[in-house]
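# Need coordinates for the below:
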Amino acid sequence: MSVHEHKEKGHKSVRCFVITVSDTRDDATDTSGQTIKSLLSGEGHSTNGYRIVKDEPAQIDALLNEALGSENVDAVIVNGGTGIAPRDGTFEVVNRFLEKKLDGFGEIFRYLSYLDIGSAAIMSRAAAGTARGKVLISLPGSKGAVSLAMEKLILPELRHMVSQLQGK
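Predicted coordinates:
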């Protein structure tokens with residue numbers, strides 16, 4: 001079976017939960033979360049959950065537990081808190097949840113970011129993998145980074161990743 005045929009067997013619509021990690025954003029100012037939801041919708045996917053959470057490890061942990069525990073969610077996409085600033089704690093929390101890490105996601109994302117923004121791309125700790133039978137992806141919080149990751153990496157593979165996890 002070719003890669004194209006394999007991808008075509010994937011789910012037509014993926015049920016997603018979008019989490020924005022930010023100490024300052026709200027529904028009106030969360031352009032990154034809105035971008036993720038819009039791009040998902042444009043590809044026929046659903047957003048079955050959306051929340052903004054402070055960059056506090058315990059709050060991120062609790063929300064990830066909720067999202068990953070939902071029967072109506074196939075993939076969780078988190079944005080924000082992936083840098084190296086003292087308040088950036090998303091990576092550490094997400095990393096504890098990841099059972100199978102997709103190292104290539106972070107590597108390729110940083111490469112594509114490098115082509116876009118230069119050497120600052122090395123400070124991104126974007127990550128992806130599986131957690132509790134679901135896809136878990138963590139992105140930087142900037143709208144540009146979210147758009148890049150969604151358009152170049154996530155949307156082209158999301159159906160395929162979910163179908164692989166569900167053995168279809």
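
# Wait, a strand at residue 153?
No: checked against DSSP: H, G, I helix; E, B strand; the rest coil, residue 153 lies outside a strand; its state is helix.

# Which SSE is immediately downstream of the helix or strand of the chain with the lowest mean pLDDT?
Counting by mean pLDDT, DSSP states H and E, the chain has its least confident helix or strand at helix 3-8, which shows a mean of 54. Next along the chain after helix 3-8, taking DSSP states H and E as the criterion, comes strand 15-21.

# Mind giving me the packing neighbours of that next one?
helix 31-42, strand 46-53, helix 57-69, strand 75-79 (3 or more Cβ pairs under 8 Å, 6 or more residues apart in numbering; DSSP states H and E). No exception for glycine: its C-beta is placed from N, CA and C like everyone else's.

# So what's the model's average confidence on that strand?
Averaged over strand 15-21, pLDDT sits at 98.

# try stretch 117-128
Average pLDDT, stretch 117-128: 97.

# Check stretch 55-71 too.
The average pLDDT within stretch 55-71 is 97.

# now stretch 38-50
On average, stretch 38-50 scores 98.

# Endpoint to endpoint, it covers what distance?
Terminal residues of stretch 38-50 are spaced 12 Å apart (Cα to Cα, to the nearest Å).

# One more: stretch 129-139?
12 Å.

# likewise stretch 112-123?
13 Å.

# same check, this time on stretch 82-100
Distance between the two ends of stretch 82-100: 19 Å, counting by Cα to Cα.

# which residues touch that stretch?
Outside stretch 82-100, the residues within contact range by Cβ atoms under 8 Å, 6 or more residues apart in numbering are 21, 23, 55-57, 60-61, 64, 68, 78, 80-81, 123-127, 129-132, 136, 138-141.

# Going through these, which ones are buried?
21, 55, 60-61, 64, 68, 78, 80-81, 124-127, 129-131, 136, 138-141 (16 or more other Cβ atoms under 10 Å).
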